[in-house]
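Chemist: Here is my input; please provide its structure:
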Amino acid sequence: MPAPVEHKLRIRVRAYEHKILDLSVKQIMDTAARFDAVVVGPVPLPTEIKRWTVNRSTFVHKNAREQFEMRIHKRLIDIMNPSPKVIEALTNLNLPSGVTIDVKMV
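Modeler: I've put the predicted structure just below:
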């Protein structure tokens, strides 16, 4: 029977481009696997979509509008019972720009 889970490291990764996000998640998973950590994920979270509608002209022509949107892709990774070596390796990890990481001990 596996050891009971005392604590886990919850990592939320966010990026505007899904390709960069997937590469970053793969780096995190490879780093955790190198130290034989039990990893759950990556779990894809719903994509957050922000939309804006603006007038094309500055004064008249209200019917002429442009729409813009920004998509934020998210993933969730859980590392069960992380050792200090795993935490050290994850803090020293160099990820591409445009990727935001939230790390929480649960």
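Chemist: what are the bridge partners for residue 72, then?
Modeler: residue 48 (DSSP bridges).
Chemist: Then residue 11?
Modeler: Applying DSSP bridges, one finds that residue 11 bridges with residue 77, residue 103.
Chemist: burial of it, as a residue count?
Modeler: 21 (other CB atoms under 10 Å). All C-beta spots, glycine's among them, are computed from the backbone N, C-alpha and C.
Chemist: That one and residue 101 touch, don't they?
Modeler: Yes: under the criterion of CB atoms under 8 Å, residue 11 makes contact with residue 101 at 6.3 Å.
Chemist: What spatial separation is found between the most centrally placed residue in the chain and residue 39?
Modeler: Centroid check for the chain by CA atoms, centre = their mean gives residue 13 as the closest residue, at 1.4 Å. Going from residue 13 to residue 39 by CB to CB, to the nearest Å gives 13 Å.
Chemist: Give me the common contacts of the two.
Modeler: residue 77 (CB atoms under 8 Å, 6 or more residues apart in numbering).
Chemist: need the strands for this protein, in chain order.
Modeler: For the chain, applying DSSP state E gives strands covering 8-15, 38-55, 65-80, 99-105.
Chemist: buried set for the second one?
Modeler: What it means is strand 38-55. Buried residues in strand 38-55, counting neighbours by 16 or more other CB atoms under 10 Å, are found at 39, 41-42.
Chemist: repeat for the shortest one
Modeler: For strand 99-105, the neighbour count (16+ other CB under 10 Å) marks residue 99 as buried.
Chemist: to the chain's geometric centre, what's the distance from that strand?
Modeler: 8 Å (CA atoms, centre = their mean, to the nearest Å).
Chemist: One more: the longest one?
Modeler: Taking the mean C-alpha point of strand 38-55 and that of its whole chain, the gap between them comes to 9 Å (CA atoms, centre = their mean).
Chemist: Which pLDDT value belongs to the residue lying farthest from the centre of the chain?
Modeler: Distance to the chain centre peaks in the chain at residue 60, reaching 41.9 Å (criterion: CA atoms, centre = their mean). Listed pLDDT for residue 60 reads 83.
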